[in-house]
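In: Model the structure of this input:
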Amino acid sequence: MSLFKRSLRWSAAVLLTASFNSLAGTTLINNISGYTLNKKGELIAFSSVLIENGKVKKLDPESPRADAVVDGHNNVLLPGLIDAHGHLLGLGSSLLEVDVRESKSAQDAAKLAAAYAFANPEQHWITGSGWNQEMWPDRSFPDAGILDKAIPRRPVWLTRVDAHAGWANSAALKLAGITRDTPDPVGGKIMRDAGGNPSGVLIDNAMGLMEKVMPAPGAELYHQQLNAAGQHLLSVGVTAMHDAGVPHQVYDFYLARAAEQSLPVRIYAMVSATDKDLDVMLDNGPVRSSDDFLFIRSVKAYGDGALGSRGAALLAPYTDDPHQTGLLLTQPEEMAPLFSKVMNAGFQLNFHAIGDRANRMALDQFEKEMKKHPDADFRNRIEHAQVIHPDDLPRFAKLGVLPSMQPTHATSDKNMAEDRLGKERMAGAYAWKTLLDSGIPIPLGSDFPVELANPFYGIHAAVTRQDRNNHPVKGWYAHEAMTVQQAFRGFTLDAAYAAHMEDSLGTLTPGKWADFILVDQDIFDVDPKDIWRTRVLQTWTAGIKVFDAERNQ
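Out: Numbers count the residues shown, from 1 in each chain. Predicted coordinates:
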């Protein structure tokens, strides 16, 4: 065994035996309108909660004696919300780079990037994210020339809002060695102009051609990204998240921060299936810290691309581009070995699938593999599960495969999904209610930084099927909407269940960690269209206040 491998095993052992120094004694939070789910998933109300050594001791204690008493000032108290699919350091990166999410055109995005470049003259590479050509008047992919006019000398790399495409200027293309003679990599596409030259947009696996020549991130940058992301998540009420795709370097970074007990939010990490050291991380086995701030026991694999960039793998061609059916990032012949490797190691497999072809391939492979493990409680997941053939919708419950979904994807995609799919295929798209009615839990998340991280935006989208401007008036395919309680459960109990952590997170029942938030309105009583306006006043983890809106103004 190599020294490096031994050190990883030692780090895991330290985590498993580390002591957790929570706030000693008892704390009573009273004068609140509290809500949580019980073990049966039923909504219950309470007016006070007693906390002991970081965990819930009792709701509405009859004779409350506590070392400290906190007045909730009649605000609403909810369990800390759990985002079941996000990219933690990606969020931190987006907070530290140029954000072009609000750009009105490709030219506008280039101006934003140029302003950022002017303000940061020391940065050799100009990086950012958030562009979405579907929100621009011409709805066309941008080209390198637009960026060249704004930033001619420094390399520029701006990723699309879904992180499945990137836009480069000519300086970046030259550094990456991408020319008209560069072939499309498997599972990727180099967009080209009429003359066959690279246009500047790289899709899915083609993005790797650029990423391999960019400066590699290190521990210092990881610290900056984690701290920025953690502060933001706590401010919007997220106390735990599932990190979808962690490479080995980040795996080691999380182990170190967990050993220091300095992780800002709880992380359920999915190690990346494409990492060259996947076998090393699987050999280390599951890692769960004693304070439950880090749990590693799943693998994130990648089936296809995204719908917006026409990378989602479909059973039939795109309605608005009959020459395309999408991209497979994991090839069919690679699926059986991958599924076997992960599940034989005792890890949960979380498979990214957006198109109906990718979803069917994943369900087929899960069905085959689960026959080898008939009694195992993997709780395998399909991440996104956006476009599903109607025949495949009942299979999730039958196989016990969790559809891990992001409600704001629907309200963001409503401008282009029907164009991509046609009305007939919309019958199985974003089908939340149909899946819930089949009897399968749906863990909910945001896919931040693809979407904004605020979970109340997700609850609002799940309930109304509208964007935050109340469009469309009657909701987009509103028959698939969730109730407020179902959406709340998706961001709490079902998200905890999807991480094998319902024993300690997801509700405020006795014995679980006292992770909770105080908010300024009752999401179960306000007009659903106003749920997204909910403001977090305080955030607590393990009985300790970690965010206070008054102090952060």
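
In: Count the neighbours of the residue lying closest to Ile523 once chain neighbours are set aside for me.
Out: Excluding its sequence neighbours, the residue lying closest to Ile523 (Cβ to Cβ, 6 or more residues apart in numbering) is Ile531, at 5.2 Å. In this view, the C-beta of every residue, glycine as well, is placed from N, C-alpha and C. For Ile531, the count of nearby residues is 24 (other Cβ atoms under 10 Å).

In: I'd guess Ile531 is in a helix, am I close?
Out: Yes: looking at Ile531 with DSSP: H, G, I helix; E, B strand; the rest coil, it is inside a helix.

In: roughly how far apart are it and Met482?
Out: Distance, Ile531 to Met482, using Cβ to Cβ, to the nearest Å: 12 Å.

In: same check, this time on Ser48
Out: According to Cβ to Cβ, Ser48 and Met482 sit 29 Å apart.

In: before we move on, what about Ser199?
Out: Computed as Cβ to Cβ, the Ser199 to Met482 distance reads 40 Å.

In: Which residue of these two possesses the greater neighbour count?
Out: Neighbour totals were compared for Ser199 and Met482, and Met482 leads with 22 against 19 (other Cβ under 10 Å).

In: from what I can see that one touches Tyr430, true?
Out: No: counting by Cβ atoms under 8 Å, Met482 sits too far from Tyr430 to count as a contact (11.0 Å).

In: Could I get the buried residue list for stretch 368-380?
Out: Under the neighbour-count criterion of 16 or more other Cβ atoms under 10 Å, stretch 368-380 has Glu369, Met370, Phe378, Arg379, Asn380 buried.

In: and if you look at stretch 491-507?
Out: Neighbour counts using 16+ other Cβ under 10 Å place 491-502, 504-507 of stretch 491-507 among the buried residues.

In: Mind checking which of these land in strands?
Out: Among the buried residues of stretch 491-507, no member falls in strands (criterion: DSSP state E).

In: quick one: buried residues of stretch 343-350?
Out: Buried-residue list, stretch 343-350, by 16+ other Cβ under 10 Å: Met343, Ala345, Phe347, Gln348, Leu349, Asn350.

In: Sort out which of these are in helices and list them.
Out: Met343 (DSSP state H).

In: which two in the buried residues of stretch 343-350 are spaced the farthest apart?
Out: Farthest pair in these (Cβ to Cβ) is Ala345 and Asn350. Separation: 14.0 Å.

In: that older thread, tell me, what's touching Ile531 and Met482 both at once?
Out: In terms of Cβ atoms under 8 Å, 6 or more residues apart in numbering, Ile531 and Met482 are both contacted by the residues Val463.

In: can you give me phi and psi for the residue nearest to Gly475 when sequence neighbours are not counted?
Out: The spatial neighbour of Gly475 that comes closest, neighbours along the chain excluded (Cβ to Cβ, 6+ apart), is Arg465 at 3.7 Å. Main-chain torsions, Arg465, degrees, to the nearest 10: phi 50, psi 30.

In: and if you look at Val463?
Out: According to degrees, to the nearest 10, Val463 has phi -90, psi -40.

In: Could you do Ser63 as well?
Out: Phi and psi for Ser63, reported as degrees, to the nearest 10, are phi -120, psi 80.

In: give me the number of residues near it?
Out: Using other Cβ under 10 Å, Ser63 has 4 other residues around it.

In: tell me the contacts of it?
Out: With Cβ under 8 Å, 6+ apart as the criterion, no residue contacts Ser63.

In: got any ranges where this protein has weak pLDDT?
Out: By pLDDT under 70, the low-scoring segments of the chain are 1-24, 553.

In: Name the single longest helix found in it.
Out: Assignment by DSSP H; longest helix in the chain turns out to be helix 219-235.

In: for the helix or strand just after that one, packing partners?
Out: Per DSSP states H and E, the first helix or strand lying C-terminal to helix 219-235 is strand 238-246. Counting contacts by 3 or more Cβ pairs under 8 Å, 6 or more residues apart in numbering; DSSP states H and E, strand 238-246 packs against strand 81-86, strand 266-272, strand 294-302, helix 493-498.

In: Tell me where the stretch 51-200 of the chain has helices.
Out: 88-96, 106-119, 144-150, 170-176 (DSSP state H, counting those that start in this stretch).

In: Which of those has the highest mean neighbour count?
Out: helix 88-96 (a mean of 22; mean count of other Cβ atoms under 10 Å).

In: contacting residues around that one?
Out: Contacts with helix 88-96, where a contact means Cβ under 8 Å, 6+ apart, come from 127-130, 163, 217, 222, 224-230, 232-233, 241, 243, 250, 265, 267, 448-449, 453.

In: ok, now stretch 330-339?
Out: Under the criterion Cβ under 8 Å, 6+ apart, residues 186-187, 273, 301-303, 349, 361-362, 365-366, 368-369 lie in contact with stretch 330-339.

In: got it, and stretch 356-372?
Out: Residues from elsewhere that reach stretch 356-372 (Cβ under 8 Å, 6+ apart): 303-304, 312-315, 325-326, 328, 332, 335-336, 339-340, 343, 349, 351-353, 376, 378, 380, 382, 385, 387-389, 392, 395-396, 399-401, 425, 428.

In: Mind checking which of the residues you listed are in helices?
Out: Those of the contacts of stretch 356-372 mapping onto helices are Pro332, Met335, Ala336, Phe339, Ser340, Met343, Arg395, Phe396, Leu399, per DSSP H.

In: Buried subset of those, written for PyMOL?
Out: Of the ones in helices among the contacts of stretch 356-372, the buried ones can be selected in PyMOL as follows, counting by 16+ other Cβ under 10 Å:
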select buried, resi 335+339+343+395+396+399
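
In: Go ahead and flag the most central residue of this protein.
Out: Geometric centre of the chain, nearest residue: Gly86, 1.8 Å, by Cα atoms, centre = their mean.

In: Where does the closest residue to it other than its chain neighbours sit: helix, strand or coil?
Out: Nearest-residue entry for Gly86: Phe448, 4.5 Å, with adjacent residues in sequence omitted and distances by Cβ to Cβ, 6+ apart. Taken by three-state DSSP, the conformation at Phe448 corresponds to coil.

In: for Phe448, what are its contacts?
Out: Taking Cβ under 8 Å, 6+ apart as the test, what Phe448 contacts is Asp83, Gly86, His87, Gly90, Leu91.

In: run the last query once more with 10 Å
Out: Listed by Cβ atoms under 10 Å, 6 or more residues apart in numbering, the contact set of Phe448 reads 83, 85-88, 90-91, 94, 229, 232-233, 236, 238, 241, 406, 408, 454-455, 458.
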